[in-house]
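[1] Got a sequence here, can you model it:
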Amino acid sequence: MAKFIFVTGGVVSSLGKGLASASIGNLLESRGARLTFLKIDPYINVDPGTMNPYQHGEVYVTEDGAETDLDLGHYERFTSVTVGRRNNFTTGRIYHDVIMKERRGDYLGGTVQVVPHITDEIKQSIRARADGVDLVICEIGGTVGDIESLPFLEAIRQLPYDVGRENVLYIHVTLVPYLGAACELKTKPTQHSVNKLREIGIQPNILLCRTDRFLPPELKEKIALFCNLQKEEVITAKDVDTPYEVPLVFHKEGLDRLIVDRLRLQLGEPDLREWDSLVQRIKYPQHEVTVALVGKYVGLKESYKSLTEALVHGGIDSATRPLIHWVESEDIERRGAERALADVDGIIVPGGFGGRGIEGKVSAIRYAREKQVPFLGLCLGMQCAVIEFARNAAGLRDANSSEFVPDGPTSVIDLMSDQRKVEEKGGTMRLGAYPCILEKGSRAHEAYGRTEIMERHRHRYEFNNAYRDRLTKHGLVLSGLSPDGRLVEIIELPHHPWFVATQFHPEFNSRPRRPHPLFQGFMRATLQHKVGG
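    Have a look, this model is predicted:
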């Protein structure tokens, strides 16, 4: 029977439950465990696909086309697990499924209630992830005390009665702040958070105490005493220079050994040498480059989490650290690209939706093309690159996308034919992994080292094939196409240090142990630009 680890959070949000879950997975996988992850989000949206990135952060797209929470990206980057739509569900999804059962008469006319019907549906969804694995690491979103997460906490409280108490472990992430005025660490927030969890009926087995320094033994003893734990069950979750250092801190604190003992897992000792070497290369690079990220949601850095991590991965091979210069695209519209992008070594224009800030993105791309600054465009970034090239290199002055100018005279980017009658917005885009054929001898082919690739998509609009001949005649290279040749997936410029843009999102396929080739190529080009400059 699979065993279950539940990770909850208290005191405040954004304590790092996702990174903690991913790091636990990293350590246990290094010991030989077969595992999977589950992220439960307490909001009523069915998925995060229609949510504003400023409210939710990045929407992470899986191989099978699910729009999920950004924590699933952590799970994939820290382990070898490939997640999908079965690894993330929300309150909205649970209630939708229960209501559909009620409409079909599955409950035989009974009154449908939170307990047992909602909690049973939650437990069933959790247990359904246990097939073929030793461990399910389940992260409960939100903060203990929030009304939204109560049904999920009640469900995981009940689960030991179904699967056996020896098969369930509760790990609680909490905060131990350092107050400068008092010159001491404070344990009261942790005590209150654990008490709140115990009121619900859950006694945490292990505490992960988020703090800026290692907890001294006497403080661990105090926390253990008030939270009904042993001292070794109080773990320091110390702030680190890079997220990839978290598993090493947890291992130093004895977390993986504690989990193995408490769940009686038959696992070997971990081999963390490769991971430690990787962390050292990230922390102590030989070079640094400044990369401008020209986006629409830069006020919340989490909106581009996979992208910024992919840049870190891309620089490992060349021992190069990316210094992100966050540029709001509307700021370029106000100040001009020359001022906003002066002295950067590379420019990235990421994905997004809607017309706000588009002209700033187009101006940034023109600056990159004309000033020979390495450029990487992703999804909307590719569409903006096509618009810019059509306007300023191919003479199509009115070029635009029908997303921004629905009845424009020159829509070089247009709605996909199978999207024209779509009315519902959630989960209806071109989503998930699709194949792409690369042109031999192109920059993309050189980077990948093969002619056929699979990459993840999230978009409704495409390159308008009516303008293929006009744009290629002026030098635009269509270096990646769908297998039937109908869809343009990659464009590039041959006489440029690095000018590549993709309709897909390569950042979702980048891992620290397997950096994405396009980000590797881009980071090498930025370093060369800096050295050459």
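[2] what's the average pLDDT for the longest helix along the chain?
    Secondary structure of the chain read by DSSP state H shows that its longest helix is helix 517-532. Confidence for helix 517-532, expressed as mean pLDDT, is 96.
[3] For it, name the packing helices and strands.
    Helices and strands touching helix 517-532, as assessed by 3 or more CB pairs under 8 Å, 6 or more residues apart in numbering; DSSP states H and E, comprise strand 287-295, helix 305-316, strand 320-328, strand 346-349, strand 375-378, helix 443-448, strand 499-502. No exception for glycine: its C-beta is placed from N, CA and C like everyone else's.
[4] Next, work out how far apart the residue located most distally from the centre of the chain and residue 102 are.
    Computed with CA atoms, centre = their mean, the maximum C-alpha offset from the centroid of the chain is found at residue 109, amounting to 42.0 Å. Applying CB to CB, to the nearest Å, the value for residue 109 to residue 102 is 10 Å.
[5] and if you look at residue 157?
    Relative to residue 102, residue 157 is positioned 24 Å away (criterion: CB to CB).
[6] And residue 42, by the same measure?
    Applying CB to CB to residue 42 and residue 102 gives a distance of 21 Å.
[7] Compare neighbour counts for those two and give me the winner.
    A side-by-side neighbour count of residue 42 and residue 102, using other CB atoms under 10 Å, places residue 42 first with 20 against 15.
[8] so who does the nearest residue to the more buried one once chain neighbours are set aside touch?
    For residue 42, the nearest residue in space outside its immediate sequence neighbours is residue 148; the separation is 3.8 Å by CB to CB, 6 or more residues apart in numbering. Contacts were defined as CB atoms under 8 Å, 6 or more residues apart in numbering; by that measure residue 148 touches 42, 43, 91, 142.
[9] and the gap between residue 148 and residue 121?
    16 Å.
[10] what does residue 174 give?
    29 Å.
[11] Neighbour count for these two, which is higher?
    Here residue 174 and residue 121 are set side by side on neighbour count (other CB under 10 Å), and the busier one is residue 174, at 29 against 19.
[12] For the more buried one, what are phi and psi?
    Recorded main-chain torsions at residue 174 are phi -140, psi -180, according to degrees, to the nearest 10.
[13] my guess is it meets residue 9, correct?
    Yes - look at residue 174 against residue 9 with CB atoms under 8 Å: they come within range, at 7.4 Å.
[14] now the helices: where do they sit in the stretch 301-450 of the chain?
    Residue ranges of the helices in the stretch 301-450 of the chain, as given by DSSP state H, counting those that start in this stretch, are 305-316, 329-335, 337-340, 358-371, 380-392, 443-448.
[15] Reformat these as CSV; add distance to residue 280.
    What follows is the helices of the stretch 301-450 of the chain, written out as CSV (distance: least, CB to CB, whole Å):
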stretch, distance to residue 280
helix 305-316, 10
helix 329-335, 36
helix 337-340, 35
helix 358-371, 33
helix 380-392, 32
helix 443-448, 26
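[16] export those helices to CSV and tack on mean pLDDT, mean neighbour count and distance to residue 252?
    What follows is the helices of the stretch 301-450 of the chain, written out as CSV (pLDDT from 0 to 100; neighbours: other CB atoms under 10 Å; distance: least, CB to CB, whole Å):
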stretch, mean pLDDT, mean neighbour count, distance to residue 252
helix 305-316, 97, 24, 22
helix 329-335, 93, 17, 42
helix 337-340, 93, 16, 43
helix 358-371, 96, 23, 43
helix 380-392, 97, 25, 40
helix 443-448, 97, 20, 37
